[in-house]
Structures are given as C-alpha cells and as structure tokens.
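please find the sequence and the predicted model below.
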Amino acid sequence: MKPSSCSCKGYIVILIILPLIVTKSLSVVYEGQSCLNLLLLIMRLASICVFAFVAAGMGHFFLRKSDLLTSCSASNFCFSMTAGFVPMAYLTFLSLIRIRGISPFLPFGLIALYISLREISLYWGDIIPKSPDRFREIRGINLLAVVILCLLLVYALYYAMAPPFSWDAQVYHLLIPKIYWLEKGFTSIPLNAYSNMPHNQELLYLAAMLLGDDVVSKLVHFLMAFILSLSMYAFARRYFNTRTGLLAPLLFLCNPAVYAQLGIAYIDVGLALFCFWMMVCLVEYFRSGKTGYIIGMGIFCGMAMGSKYTMIYAFTSGTILLLFSPYILLRGDDFSGAKSGIDRIIRKQIRAFGIFFATSIILLIPWWIKNYLFTGNPVYPMMFSVFGGREWSAQQSAWLIDWQRSIGMGRSLIDYILLLVRIFLPGEKLYGYRGFAGNLYPWILITLPFGFMVRENRGIIRIFLLFFALFFIQWSMGSQQIRFLIPALVFPALVAGAGIDRLSRIRETPLAWIAPVLIALLPLHLFAGRILPEIRREGSFFPILFGNQTRDQFLRPRVRSYPCFEYLLGRCNEKEPVLFLFENKSYYCPQPAYADSMFEASFFLNLALESGNPQEFSRRLKRFNCRYVVVDQLIRKGMRLQGDAWLLSKRENRENFTKALDITERFIETCLIKEFEENQSTVYRFE
C-alpha cells in the first residue's frame, strides 16, 4: 500500500498537543463558568478524537505491515483502532514499571507515538473511512435506522460527558488508574482485590486520564461502543448487506444492560469489541488462510482475558471452533479451506491453535508476574487454596463463589432449560442480584430464528451461533450476571439482523414489514424502559455541560458520601487514611482510604468474624491508624436486613455472614462516635 496522496504535515502534531494541554489546564482551574464548561466539553471531545486516531495510527501500522487490511475502508478503520488499543494498553503497563523512580520502558512509548503520528501523516486518506457508494444505500428505511442509531449514540455521549458517578467506576475502573497516576507507577492498593486482577482496559482509561481527565477516560468506553457499532455495520455490509449492518447494532444497543454502559466507565462493551474482532479474525482466517489473522485472534483474546477473568469463555469457545472447524465448515461453500482434505485441515488447525494459544498466553504473562509480585498469587484471588494471597481468606473465597453462583434464576435442570428464555424476559425481579443483575429485551430472541433463513454466508452464521452457544453454556455454569454475557451478545444480534433483512425481502408475506417496524419499535422500547426513567432519576446534565454548575454541585447529590469527603477535607491532612465500612466508592475521597472492594467477600466482615466480638474488632481496626470511619447508611441498612446473605445458598456461609454483620453493627453502635451526617452517609470517629 502506497502512502496516501492526502498526507498531513506538522500541523497534525499541533492538533494533537493543543487539546491535551487545554483540557489539562481547564480541568485544573475550572470553576463552573458557562463559557469554560463549554470550552472544556469541546476540548474533551477533541482529546478523545486524538486518543482514537493515535490508536488507529498504531493499529494501521501493524496491520499494514502484516498485510491484513482489506478493501473495506470502514472495516480497516475499526480494525486498526481496535488493534491499536492493545499496544496502548501494554505500553501503559510498561510505563508503570519503575526502577529507582525511573521508567526504563518510557522510550518504547515515545517510539510508538512517533510511529502512530507518522502513519497518520502518511496514510491519512487510507485510515479515514470513505466510500461514496455507501451513502447511496442510505435512504428510506436505512436512513431511518441511521438517524435512530445517531440519536442513541448522541444521548449516550451526552451522558458520558458528565463527571463520573457510576458505582464500579468509583470502586476500581477509574480509582485504580487514578492511584497509579498519583503514585507514578504500579503500587499496592490496600484491600482492593480488583487492583490485583488483570485490568488492561483500565490502563486505557489511565492513558486517557493522562491525556485529559476522568471524563476523557469515560469517553474511551463510549468510543469503544461507537467503534463496535461501526464494526458490526462494516462486517455485515461486507458479507451481507447495508440493512443487516444497521439492524445488528440496533438490536445490540437497544438492550438496557448494554445501553446503560455506553456512558459510563465500565468495560463490558469494550470486551464485546475485542471479542467481535477476535471472531472476525477467525472468519478471515478460514477465508484466506493467512496466519496473521490467527495471531490477531490471539491478541484480541489475550487483551480480553487480560481485562476480565470471565473472558476465558471466549478463549475456550474460540479454541473449540478452531480445532473442530473441519467438521463445522465442510458443509459450507463460502470458505476456501473447506474443499481440502480433512486430514490436512486438522493438522493445519492444530498448528493454528498453537499460535492462538501462545499469543493469548503471552499477553497474560505480564499480569501473572505483576500479581505474583504483589500478592503471591498469579491469578489472585482465584485458586486461593493453591496459591494463597494477601488480604484474602478461605472464608472470603467461600462467600464470593457462593454469592456469585446464587445470582440467576436457579440451578436445577429445568432452570437451565429455561435460562435462554428467562434472560430475555422483562420484569423487575430480574434486575437485581436475585435475578440476573440486569435485563435484556426479547427482540434478539424473537428474531434469532429468522437467521436460519439466510442463504448467503451460512458458514459465518453457523460460526457466530456456535460461538454464542459455547459462551452461553460456560456463562450459565458461572455467575449469571447479564453484563458478563454482553461480549457474546453481538453475534446473535448480527445473525438476527441478517434474518430480519432476509424476511423483509419476501414481499408476498405480511412479515415483509418487520424491518421498518422493528427499527421504529426498538428505540421506543428503550426510551420508555430505560432512557426516560434515567432522565427522571438523574435530572438534566445541561447545567454541568453548558451552564455554570460546578463539579462539586453536580456530584454532591449523586455521590452519597461526597459531603462526608468535603467534611474530612477540612479535618485531615492529605496523607491521613480513612476507613470505610458499608461503603467502597472512594474515588472522590481526598484521603487514602481502606475500603472493601466487594461486599459479598468483605475483608472487614471476615475480620469481624475472626475477631469474635466488637471490642476485638475495634482493636484490630485501629491498626490501620485511622481516626475517622465513613459509613453509607443506605448500604448498611440493606445489609442489616441480610439482603446479601439471602444470596448465599450454603447454610454455613449464611450463618458466618450474619454473625459478621452483627459484630460490625455492635462495633458501630458501641465503639464509634458520630461526627457528621448528610445525604444518608455518616462520618464516625473512634472513641
């Protein structure tokens, strides 16, 4: 591929550096003036665009050198950016390694940045998607679908532009990057189990935080959702048609569990992006036989497993499809390798599996080493009985496993048979942890059978359905949280989209109107069931985005302990630690905090259980050298009613959990003095 004739000069560097400097400056001096709010919003958008193009430049360089780019510019753009996220994450990892206060690997990051900028400068016209023919197909129903997708993404962007206040973002998704940034490298975060699990995606948030601020970090997840939607469109348009490419992301995004994550700093939609491109690489390998696609498949799988333990489901599913592809694909006529002899194919696939396995594991090794050095357990906190691990115990493991497996609708044979239907059923009982901790709308399930009517590229349909089935089986045997299933939900959405399009083209049936009806119905259902209640609950973000509302004014009603943090700020020095009980959202706490990372496997409840009485518990807690204790009264009340204990199926675990709660309650009542209370959160002081 020759350099584009539309090459960019030195002004690219200026356009990259300027928004980063301005965003950093405004985020420090920003006091809520409306003009500065608006300017800050613009510069944050510019910063995430810079982040995106730097990633695309890195990815395009490697894909161009590997000869993996295709004739589809939109697909190449998405492929390049997704591939670029991987070196960005691991270069950030290397930059956090400090030897005597110096980062010896920092030059690698500077070299990668130079490569990215040079690639953008030379191949700008090739990186940016362009295809005049594509726009000729956007009319009628397709135009309606494009407008609806744009509106959905614009609202998600509006939500993403506000300061972060979602729960898990404050516990670890943004807290871990913030602490690494403040400490200028890897450091131990006391009691935070998530900090000793692999967190590739949080490293991307850290890179964005260094370039801008925490809102830019939030925008990374929105960017991933946007790239995933564009990837689904590009893939479907290439192998099916434009309408399928528009229906598939609509079916995927118009689920409350999915859409809720677009505007917050979680990771599951990002995992779906890596999972999708992992399977695209598998499809391209079957079609072309290029080993580079297997390496890409392993890289995306390793990136996903290096972000969340549950992505082992993707690894095992991909392994099965890779090894047994001769039996899956021989009946298809859309893969060139299917016409070869089966013995030859099997030998080839075993070799491909070796490459896939090695590539995936190589990306996990840095995390295993880091976790072993910090905790003594490379897969912390898993396999505690084998490796042990600091700040963890056998009782916490028992609570965690029991609690996670209690999520869902039961574990009997009939429960498993009905599981696929139940996860798509509406109902309040499914939203909490006694259900699936989230909900999906039934449209994918209803329209999925239409996918069997698709005549073209049946091998792809078969691969995607088998991958989802394998992923779903593993998910069903573990923690049945809906968001853990999101990475695989992309594939039935794409198959259902192809089926709807096929059905809508059969003019002699009334079902020909199914495509326009669904395109209109999907967003209306989402608006009524998710967006409108959210607007009523959270209120308007316009004052913080365009008005004169300050960050403190925005966060105070949305982060229950925020007034307590402001109270502590005037009474503690910046290094004095604070202890959290029945509270773990410490992102905005100005002091170092000792907080549980997960209530279902609480360090403090386990400590209370080991102490046996409130007085001994108090004595042990004083070893943390904290004067103040922050308690979220709403969480305390919920746990006092033993809501979490009901999710423990084993009698011994329930009894120990209840006993620990009782000791903790008596400790608060007898050993602490209330100093401040506001917004259902309280500051106590040790007697």
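Perfect, thanks for sending it. Everything quoted here is computed from the prediction, not taken from an experiment. Numbering: from 1, shown residues only.

where does the stretch 451-600 of the chain have low pLDDT?
In the predicted model, the stretch 451-600 of the chain carries pLDDT under 70 at residues 507-512.

in it, which spans are strands?
Along the stretch 451-600 of the chain, counting by DSSP state E, counting those that start in this stretch, strands occupy 578-581, 593-594.

wait, what's in contact with the nearest residue to residue 169 once chain neighbours are set aside?
Counting by Cβ to Cβ, 6 or more residues apart in numbering, residue 265 is the residue found nearest to residue 169 once chain neighbours are left out, at 4.1 Å. (C-beta placed from N, C-alpha, C; glycine too.) By Cβ atoms under 8 Å, 6 or more residues apart in numbering, the contact set of residue 265 is 164, 166, 169, 173, 174, 205, 214, 217, 218, 220, 221.

7 Å instead?
Contacts of residue 265 were listed using Cβ atoms under 7 Å, 6 or more residues apart in numbering, and they are 164, 166, 169, 173, 174, 205, 217, 218, 221.

re the thing from before, how about the strands of the stretch 451-600 of the chain in TSV, adding mean neighbour count and distance to residue 379?
Output for these, formatted as TSV (neighbours: other Cβ atoms under 10 Å; distance: least, Cβ to Cβ, whole Å):
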stretch	mean neighbour count	distance to residue 379
strand 578-581	23	26
strand 593-594	22	24
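
using JSON lines, lay out these together with distance to residue 98.
JSON lines is the format used below for the strands of the stretch 451-600 of the chain (distance: least, Cβ to Cβ, whole Å):
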{"stretch": "strand 578-581", "distance to residue 98": "26"}
{"stretch": "strand 593-594", "distance to residue 98": "23"}
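
so which of these comes closest to residue 544?
strand 593-594 (25.0 Å; Cβ to Cβ).

if we go by neighbour counts, what in the helix or strand just after the closest one is buried?
Later in the chain than strand 593-594, the nearest helix or strand by DSSP states H and E is helix 603-611. For helix 603-611, the neighbour count (16 or more other Cβ atoms under 10 Å) marks 603, 604, 605, 606, 607, 608, 609, 611 as buried.

could you look up the SS state of the residue nearest to residue 169?
The three-state assignment at residue 265 reads coil, by DSSP: H, G, I helix; E, B strand; the rest coil.

biggest helix in the chain by residues?
helix 342-375 (DSSP state H).

can you pull the contacts of the spatially most central residue of the chain?
For the chain, the residue nearest the mean C-alpha position is residue 267 (0.9 Å; Cα atoms, centre = their mean). Applying Cβ under 7 Å, 6+ apart to residue 267 gives the contacts 173, 201, 307, 308.

phi, psi of it?
phi -130, psi -10 (degrees, to the nearest 10).

need the pLDDT of it.
For residue 267, the model assigns a pLDDT of 96.

how near is it to residue 200?
Distance of residue 267 to residue 200, given as Cβ to Cβ, to the nearest Å: 9 Å.

any common contacting residues for those two?
The contact lists of residue 267 and residue 200 share residue 307, where a contact means Cβ under 7 Å, 6+ apart.

coming back round to it: closest one of the buried residues of helix 603-611 to residue 365?
residue 603 (28.0 Å).

surely that closest one touches residue 192?
No: Residue 603 is beyond contact range of residue 192, at 9.7 Å (criterion: Cβ atoms under 7 Å).

tell me where the stretch 1-150 of the chain has helices.
Per DSSP state H, counting those that start in this stretch, the stretch 1-150 of the chain carries helices over the ranges 11-29, 34-65, 73-95, 106-127, 132-136, 141-160.

give me the low-pLDDT residue ranges for this structure?
By pLDDT under 70, the weakly predicted segments of the chain are 1-34, 131-135, 329-345, 426-434, 507-512, 642-646.

just give the closest residue to residue 316, not the sequence neighbours.
Nearest to residue 316 is residue 474, by Cβ to Cβ, 6+ apart, at 6.5 Å.

separation between the one you found and residue 309?
12 Å.

ditto for residue 320
19 Å.

out of the helices of the stretch 1-150 of the chain, which is the most enclosed?
Among the helices of the stretch 1-150 of the chain, helix 73-95 has the highest mean neighbour count (mean count of other Cβ atoms under 10 Å), at a mean of 23.

ok now that one, how far from the chain's centre?
15 Å (Cα atoms, centre = their mean, to the nearest Å).

on contacts alone, who are the packing partners of it?
With contacts defined as 3 or more Cβ pairs under 7 Å, 6 or more residues apart in numbering; DSSP states H and E, helix 73-95 has these neighbours: helix 34-65, helix 106-127, helix 200-211, helix 214-239, helix 268-288, helix 291-305.
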